[in-house]
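K.L.:
got a predicted structure plus its sequence, pasted below:
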Amino acid sequence: MIGRLSGKILEKNPPEILLEVGGIGYEILCPMSTFYEMGADTNLMLHTHLQVKEDAHTLYGFISKDEKTLFRELIRVNGIGPKVALAILSHLNIASLMNAVAMEDDVLLAKTPGIGKKTAQKLIVELKDRLEKIELSNTKYQKITASNTNPNTQKAAQALQALGFKVKEADRMLNAINDDTLTTEELIRLALQNK
């Protein structure tokens with residue numbers, strides 16, 4: 001099993017990169033979040049997951065170990081393959097995914113390409129207990145499912161999306177706010193200041 005690769009990026013063609021490691025070029029499929037994190041760097045270290053099928057050996061790469069952990073949890077769900085798991089991680093960051101599962105937000109999960117409402121509900125049912133038990137290396141994600149966040153956050157996120165912000169942008173803006181007592185309007189106002 002190939003667990004991690006460090007090398008030089010030869011090509012970027014989302015969702016795939018070609019990473020040269022010791023003179024060998026590895027084709028690795030990555031979520032869009034990994035592409036955003038790598039920026040213009042030419043040297044890169046990726047946590048990888050190798051999937052072996054009878055007709056292909058496919059490498060999936062992640063900038064953080066937590067993304068790899070969530071990817072492995074996602075592909076354990078019946079009916080979720082690696083491509084759909086990559087789409088989920090491209091559409092939602094770690095905090096958003098953990099929040100969506102914790103708050104049973106099937107509407108947000110269903111916005112991911114390749115996921116319908118039934119699949120989103122199945123994801124929530126199968127992942128809810130497992131995500132509360134997994135140990136993530138970044139502890140700021142761990143508390144998301146353990147504590148009840150402000151119930152107005154979801155309404156504020158929907159309002160920001162209605163204003164034209166992407167899901168990840170809205171979540172990033174709202175995650176910077178630590179006050180659980182704010183109203184929806186106050187959350188929106190502060191989130192717009194965090195833009």
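P.N.:
Yep, that arrived.
K.L.:
this structure: strands as residue ranges?
P.N.:
For the chain, the strands identified by DSSP state E occupy 4-13, 16-21, 24-29, 43-52, 57-62, in order along the chain.
K.L.:
if I look at the spatially closest residue to Leu109 that is not a sequence neighbour, how far off is Arg172?
P.N.:
Spatial nearest neighbour of Leu109, chain neighbours left out: Ala120 (3.7 Å); criterion: C-beta to C-beta, 6 or more residues apart in numbering. From N, CA and C alone the C-beta is placed, and that goes for glycine too. Distance, Ala120 to Arg172, by C-beta to C-beta, to the nearest Å: 22 Å.
K.L.:
Val101 too?
P.N.:
For Val101, the distance to Arg172 (C-beta to C-beta) stands at 18 Å.
K.L.:
might you list the low-confidence residue ranges for the protein?
P.N.:
Along the chain, the parts satisfying pLDDT under 70 run over 138-149, 194-195.
K.L.:
need the contact list for the residue nearest to Leu109.
P.N.:
Under the criterion of C-beta atoms under 8 Å, 6 or more residues apart in numbering, the contact partners of Ala120 comprise 106-107, 109-110, 112.
K.L.:
quick one: contacts of stretch 26-41?
P.N.:
Outside stretch 26-41, the residues touching it (C-beta under 8 Å, 6+ apart) are 5, 7, 9, 12, 14-20, 44, 46, 48, 58-64, 67, 71, 82, 86, 89-90, 93.
K.L.:
quick one: buried ones out of those?
P.N.:
Members of the contacts of stretch 26-41 that pass the buried threshold by neighbour count (16 or more other C-beta atoms under 10 Å) are listed as 5, 7, 9, 15, 17, 19, 44, 46, 48, 59-64, 67, 71, 82, 86, 89-90, 93.
K.L.:
tell me how far the longest helix along the chain lies from the chain's centre.
P.N.:
Determined from DSSP state H, the single longest helix within the chain is helix 117-133. Computed by C-alpha atoms, centre = their mean, to the nearest Å, the separation of helix 117-133 from the middle of its chain amounts to 14 Å.
K.L.:
kindly export that helix (C-alpha atoms) in CSV.
P.N.:
The C-alpha coordinates for helix 117-133 follow below in CSV (Å, rounded to 0.1, in the frame of the first residue of the first chain):
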residue,chain,number,x,y,z
LYS,A,117,-31.5,13.2,-1.6
LYS,A,118,-31.7,9.5,-0.8
THR,A,119,-28.0,9.0,-1.0
ALA,A,120,-27.4,12.0,1.2
GLN,A,121,-29.8,10.6,3.8
LYS,A,122,-28.0,7.3,3.7
LEU,A,123,-24.6,9.0,4.1
ILE,A,124,-25.9,10.8,7.2
VAL,A,125,-27.3,7.6,8.8
GLU,A,126,-24.1,5.6,8.1
LEU,A,127,-21.6,8.3,8.9
LYS,A,128,-23.1,10.1,12.0
ASP,A,129,-21.9,7.7,14.6
ARG,A,130,-18.6,6.9,12.8
LEU,A,131,-17.6,10.5,12.4
GLU,A,132,-18.1,11.2,16.1
LYS,A,133,-15.7,8.3,16.9
